[in-house]
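Undergrad: Give me a 3D structure for the following:
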Amino acid sequence: TALNAESHITDLHPTQHPYSKVKIIMKLTIFATLAAAASAFTFQAPTQQTSATALNAESRREAFAKIAGVAAGFAAAAPAFADRDYNEVGLLGGGQVVDVNNANVRVYLKMPGLYPGVAGKIVSNGPYASVGDLYAIKGLSSAEKDLIKKYESRFTVKPAKADYVIDRINNGLYR
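TA: Here you go, the predicted model:
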């Protein structure tokens, strides 16, 4: 029988799961940090008789040095495991090619003549199944269609993602 991807992953042994090593490393890092922080606050009897003020200042400096060392170790040892929600994030305006279903209206500033008129029509009338669907936008003049044709090679169509579609028209950036 054929298994779908979800049931296959849930049937894996915990040590075979793709993120199992990441979780183990994170747990060990957290445990080591907590142990080091706890050791910074353990009581150490003074070896010689000193005044209470000098002892407090020295113990505070030692505790601070230990905590700073632990924090630096934690920052260096903790890897950044970020899951990417949208693998095509470069198509939102960071490159030459633009995803017309998810990119913000301001991305079209990079293409002279499209912003604000044509760009507003593009982001308001999506999602599109193909780049050719842009020519079917109601109310486009022949000059606006010519502008779309000029930049057609820089457009692509990816499935619309709710996280980006909501900000296509107004992302809160104002001049």
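
Undergrad: so how far is residue 157 from residue 67?
TA: 52 Å (Cβ to Cβ, to the nearest Å). C-beta: built from backbone N, CA, C; applies to glycine.

Undergrad: These two: which has the busier surroundings?
TA: Between residue 67 and residue 157, counted using other Cβ atoms under 10 Å, the more crowded position is residue 157 (19 against 14).

Undergrad: Regarding the residue nearest to that one when sequence neighbours are not counted, what is its secondary structure?
TA: Excluding the flanking residues, the one nearest residue 157 by Cβ to Cβ, 6 or more residues apart in numbering is residue 128, at 5.3 Å. Using DSSP: H, G, I helix; E, B strand; the rest coil, the structure places residue 128 in coil.

Undergrad: can you start the count at 52 instead of 1 from here on
TA: Okay, using 52 as the starting number, the last item reads as residue 179.

Undergrad: Residue 179 touches residue 151, doesn't it?
TA: Yes: at 5.7 Å, residue 179 counts as touching residue 151 under the criterion of Cβ atoms under 8 Å.

Undergrad: need the strands for this structure, in chain order.
TA: Under the criterion DSSP state E, the chain carries strands at the ranges 149-150, 206-207.

Undergrad: and the ones you listed, which one is worst for confidence?
TA: The weakest mean pLDDT among those belongs to strand 149-150, with a mean of 90.

Undergrad: about what we covered before: so who does the residue nearest to residue 208 touch?
TA: 151, 152, 185, 208 (Cβ atoms under 8 Å, 6 or more residues apart in numbering).

Undergrad: rerun at 10 Å
TA: 150, 151, 152, 173, 185, 187, 188, 206, 208, 209, 211 (Cβ atoms under 10 Å, 6 or more residues apart in numbering).

Undergrad: Could you count how many residues lie near the first one?
TA: The number of residues packed around residue 150, counting by other Cβ under 10 Å, is 24.

Undergrad: Repeat that for the fourth one.
TA: Other residues within reach of residue 173, judged by other Cβ under 10 Å, total 25.

Undergrad: quick one: contacts for it?
TA: Applying Cβ under 10 Å, 6+ apart, the residues contacting residue 173 are 149, 151-152, 154, 156, 158-159, 165, 179, 185, 188, 191, 195, 199, 206, 219.
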